[in-house]
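**Q** Please work out how this folds:
(one chain, ligands or ions: 1)
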Amino acid sequence: MLSATAHATLIQNGGFELTDGASYPYNHLASWTYSNVDAVTGLWTPYEGSWTVDLNGSAPGYIQQSFSTVAGQSYQLQFALTGNYSGCGAGCTRQVQVTAGDLNTVLTATEAANYSFSNPGWQLETLSFTAQSTISTLEFASYNTPGASGPVIDGVSVVALPVPEPETYAMMLFGLGLLGLVSRRRKQTGA
Ligand SMILES: [Ca+2]
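**A** Numbers count the residues shown, from 1 in each chain. The predicted model follows:
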């Protein structure tokens, strides 16, 4: 069973709603460390709330946040991804490199067939990673996407995945035992 605690996100300001709102598009983003990204509101439809982050400011940028983890524990990362495809042109893509714990992957924001700022085609991405330390750093970096329009993210959350209950381990061991028995019998039959 998932407890309420297991559902609590470890990421602060994952929706990028906490900004000073005063100096668009270079607003202060609470709880995040970042370079050359744009906090954006009033342009395309957000995944949630009013603000999103374009990972290309004037050039490819990154955003990251560190949080407490348990080494060896698995976590689920979710976030919404799209791209600023205005002026993108044929064949251009918006890509993001995501790193956390043992996770290091590149995702492509698929341009919706009928893409527009009012229909940005958000994709909900679900990934998992295993923490390697008591502090983990989640980073989103614009990847292979030059210029001032990049991949766009919103709705970031990280939750600890439940550790299997002792009964689950017992069931798994019981199942493995049965498999071993079947395997031995097959070998005997085949001999
Ligand atoms: Ca938001």
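
**Q** Report the beta-bridge partners for the closest residue to T9 other than its chain neighbours.
**A** Among residues not flanking T9 along the chain, S157 sits closest, at 3.9 Å (C-beta to C-beta, 6 or more residues apart in numbering). Quick note: C-beta positions are derived from backbone N, CA and C, even for glycine. Counting by DSSP bridges, S157 is bridged to Q78.

**Q** Tell me, how many residues neighbour S157?
**A** Other residues within reach of S157, judged by other C-beta atoms under 10 Å, total 15.

**Q** Read off the pLDDT value for it.
**A** Note on S157: pLDDT of 98.

**Q** for R186, same thing?
**A** For R186, the model assigns a pLDDT of 67.

**Q** repeat for F174
**A** 71.

**Q** In which helix or strand does it reside?
**A** If you go by DSSP states H and E, F174 is part of helix 166-190.

**Q** And A148, by the same measure?
**A** Counting by DSSP H and E, A148 is found in no helix or strand.

**Q** ok, and what's touching stretch 95-107?
**A** For stretch 95-107, contacts defined as C-beta atoms under 8 Å, 6 or more residues apart in numbering pick out 55, 69, 75, 77, 81, 108-109, 125, 127-132, 136-145, 151, 153, 158.

**Q** just these that are near the ion?
**A** Filtering these for neighbours of the ion using C-beta under 5 Å from the ion leaves an empty set.

**Q** Just the buried subset of the residues you listed, please.
**A** Buried members of the contacts of stretch 95-107, counted by 16 or more other C-beta atoms under 10 Å: 55, 69, 75, 77, 81, 108-109, 125, 129-131, 136, 138-143, 145, 151, 153, 158.

**Q** returning to that earlier point: give the contact list for the residue nearest to T9.
**A** S157 neighbours (C-beta under 8 Å, 6+ apart): 9, 11, 14, 77-79.

**Q** The ion contacts on this protein?
**A** Residues of the chain lying close to the ion by C-beta under 5 Å from the ion are 15-16, 46, 48-49, 51, 154.

**Q** Type out the ChimeraX command that picks the buried ones from the residues you listed.
**A** Selection of buried members from the residues of the chain next to the ion for ChimeraX, criterion 16+ other C-beta under 10 Å:
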select :15,16,46,51,154
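
**Q** want to throw the residues of the chain next to the ion into JSON lines with pLDDT?
**A** Output for the residues of the chain next to the ion, formatted as JSON lines (pLDDT from 0 to 100):
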{"residue": "G15", "pLDDT": "96"}
{"residue": "F16", "pLDDT": "93"}
{"residue": "P46", "pLDDT": "98"}
{"residue": "E48", "pLDDT": "97"}
{"residue": "G49", "pLDDT": "96"}
{"residue": "W51", "pLDDT": "92"}
{"residue": "D154", "pLDDT": "98"}
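
**Q** Considering the residues of the chain next to the ion, which is situated nearest to V37?
**A** F16 (9.7 Å; C-beta to C-beta).

**Q** Name the nearest residue to that closest one, ignoring sequence neighbours.
**A** W51 (4.3 Å).
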